[in-house]
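Asker: predicted model and sequence follow; I will ask about them next.
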Amino acid sequence: MSNQSVQTVSTSNDKIKVVLAIAIAIAGVIGFYYLSDKPALVRAGALVAGLAFAVLILWTSSTGRDFLNFAKEAVRETKKVVWPTRREAAQITGIVFAFVLVMAIFLWGTDKTLEFLLYDVILGIRK
């Protein structure tokens, strides 16, 4: 058996593209906030344009293509998840609230018992 590790070779050109894409995405976000006095459509356009241009640049690099394929696969896997119905979600939420209430009462009781034992019985500080 061979235990050779496989490494992905990334050229400096790919690294430059990734850094440029990140910079353009950040510029789109900054443009969104910088154009705060402009209409919302202009601000959203600056944001979407920056992000879209960043994705296009990322697509030209192998690292970016791998990341975008990973993101697509993640979305595809998320669609396979069986989400609970509204009734099931409400039941689970009710169980969680009941458990939290029981734990709060238990911890309060434990705290008060330890307080009584420590201060009243052992130390005799309380009047």
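Answerer: Arrived safely. Numbers count the residues shown, from 1 in each chain.
Asker: helix or strand for residue 47, which one?
Answerer: Using DSSP states H and E, residue 47 sits in helix 40-59.
Asker: which residues of this protein fall in helices?
Answerer: 12-34, 40-59, 62-79, 86-115 (DSSP state H).
Asker: residue 122: which of those is closest?
Answerer: helix 86-115 (10.2 Å; C-beta to C-beta). All C-beta atoms are positioned from the backbone trio N, CA, C, and that covers glycine.
Asker: pull the distance from the closest one to the chain's centre.
Answerer: The chain centroid and the centroid of helix 86-115 are separated by 27 Å, computed with C-alpha atoms, centre = their mean, to the nearest Å.
Asker: go on, stretch 84-94?
Answerer: Per C-alpha atoms, centre = their mean, the centroid offset for stretch 84-94 relative to its chain is 23 Å.
Asker: low-confidence stretches in this protein?
Answerer: Within the chain, the segments meeting pLDDT under 70 span 1-10, 126-127.
Asker: sorry, back to before: can you give me the angle the helix holding residue 47 makes with helix 12-34?
Answerer: Interaxial angle of helix 40-59 relative to helix 12-34 (axes from the mean of the first three to the mean of the last three C-alpha atoms, to 10 degrees): 170 degrees.
Asker: start at 330 instead
Answerer: All set: I'll call the first residue 330, so the last point we hit is now helix 369-388.
Asker: now helix 369-388: buried residues?
Answerer: The neighbour-count check on helix 369-388 (16 or more other C-beta atoms under 10 Å) flags 372, 374-376, 379-380, 382-383, 386-387 as buried.
Asker: could you check the angle helix 391-408 makes with it?
Answerer: Relative orientation of helix 369-388 versus helix 391-408 (the same axes, to 10 degrees): 110 degrees.
Asker: who are the packing partners of helix 369-388?
Answerer: Contact partners of helix 369-388 among helices and strands, from 3 or more C-beta pairs under 8 Å, 6 or more residues apart in numbering; DSSP states H and E: helix 341-363, helix 391-408.
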